[in-house]
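> Quick one: sequence plus predicted model below, questions after.
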Amino acid sequence: MTQQVCGSPFLKPFFLKTPVRVVSPLQQRRHTLPASEFRNLTPQDAISVFEIEREAFVSVSGECPLTLNEVLSFLDQCPELSLGWFEEGQLVAFIIGSGWDKERLSQEAMTRHIPNTPAVHIHVLSVHRHCRQQGKGSILLWRYLQYLRCMSGIRRALLICEDFLVPFYLKAGFKEKGPSAISVSNMHFQEMEYTLRGQAYARRNSGC
């Protein structure tokens with residue numbers, strides 16, 4: 001697979017605007033961590049990833065997009081296609097992707113990573129339950145897509161989603177490719193595609 005881009009502006013820590021306050025000696029240790037940080041995930045993050053994913057999806061659809069073993073497998077094979085959002089060292093949102101080499105996603109794409117391909121299959125985007133309704137999902141997705149722009153050879157991002165999520169991805173710049181051939185426990189999906197053109201943007205007016 002393509003190598004992780006060193007010095008990508010979309011993986012640098014940034015600090016949220018908070019009121020200035022006096023920090024006691026007992027609180028100083030926690031402030032050695034960045035207030036907010038984006039980085040690639042590792043197999044050591046798998047448990048935190050799976051806990052967030054399970055809570056987010058099982059309560060809605062009864063199924064997780066990825067099992068714990070699949071999370072571990074993708075973070076071992078292609079960690080450069082993942083992105084986690086950490087606040088004071090705690091994972092609050094993440095995306096996991098893998099390489100794919102065909103025009104449309106198939107059932108095989110759900111569990112397989114194909115290296116050195118022009119397309120990324122986004123398996124899952126999930127946000128911690130305490131951090132939802134804050135725009136974090138759209139911010140993370142934007143940063144992930146700009147990060148992919150910095151990686152040579154990647155031209156498209158693909159995903160499947162249920163109908164109620166189609167407007168979210170359309171707003172992010174994805175286009176509908178039509179009904180997906182993939183089904184999970186009698187659930188049906190729409191396939192979406194994002195074309196990675198041009199250079200990454202330097203900043204986004206996200207208000208964060």
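Alright, I've got the coordinates.
> could you show me where the strands are in the chain, in order?
Assigned by DSSP state E, the chain shows strands spanning 37-39, 82-87, 90-100, 119-127, 156-161, 175-184, 187-195.
> Which strands border the fifth one, and is each parallel or antiparallel?
What it means is strand 156-161. strand 119-127 (parallel), strand 187-195 (antiparallel) (DSSP bridges).
> For the closest residue to Gln190 other than its chain neighbours, give me its contacts.
Spatial nearest neighbour of Gln190, chain neighbours left out: Val166 (5.5 Å); criterion: CB to CB, 6 or more residues apart in numbering. C-beta here means a position set from N, CA and C on the backbone, and glycine is covered the same way. With contact taken as CB atoms under 8 Å, 6 or more residues apart in numbering, Val166 is in contact with Glu176, Gln190, Met192.
> top of these by neighbour count?
Met192 (25 neighbours; other CB atoms under 10 Å).
> That residue and Ala172 touch, don't they?
No - using CB atoms under 8 Å, Met192 is not in contact with Ala172, being 9.0 Å away.
> Tabulate the contacts of Val166 (a markdown table), appending pLDDT and distance to Arg129.
Below are those laid out as a markdown table (pLDDT from 0 to 100; distance: CB to CB, whole Å):
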| residue | pLDDT | distance to Arg129 |
| --- | --- | --- |
| Glu176 | 98 | 29 |
| Gln190 | 97 | 25 |
| Met192 | 98 | 24 |
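> which of these lies closest to Arg149?
Nearest to Arg149 among these is Met192, at 17.4 Å by CB to CB.
> For Leu81, see how far away the closest one is.
Met192 sits 17 Å away from Leu81, going by CB to CB, to the nearest Å.
> Just give me the neighbour total for the nearest residue to Val124 once chain neighbours are set aside.
What sits nearest to Val124 in space, not counting adjacent residues and going by CB to CB, 6+ apart, is Pro65, at 4.2 Å. Residues within reach of Pro65, counting by other CB under 10 Å, total 20.
> Tell me which of the strands of the chain sits most buried.
Stretch with highest mean neighbour count among the strands of the chain: strand 119-127 (a mean of 24; mean count of other CB atoms under 10 Å).
> Now do that strand: distance to the chain's middle.
5 Å (CA atoms, centre = their mean, to the nearest Å).
> and the longest helix for this structure?
Identified as the longest helix of the chain according to DSSP state H is helix 46-61.
> How about that helix, which residues are buried there?
Going by neighbour count (16 or more other CB atoms under 10 Å), the buried part of helix 46-61 is Ala46, Ser48, Val49, Phe50, Ile52, Glu53, Ala56, Phe57.
> Give me the angle between it and strand 187-195.
120 degrees (axes from the mean of the first three to the mean of the last three CA atoms, to 10 degrees).
> and helix 46-61, average pLDDT?
For helix 46-61, mean pLDDT rounds to 86.
> Who are the packing partners of that helix?
helix 68-77, strand 90-100, strand 119-127 (3 or more CB pairs under 8 Å, 6 or more residues apart in numbering; DSSP states H and E).
> what helices or strands is the second one leaning on?
Packed against strand 90-100 by the contact rule (3+ CB pairs under 8 Å, 6+ apart) you find helix 46-61, helix 68-77, strand 82-87, strand 119-127, helix 136-149.
> any idea how far the shortest one is from the chain center?
The chain centroid and the centroid of strand 82-87 are separated by 8 Å under CA atoms, centre = their mean.
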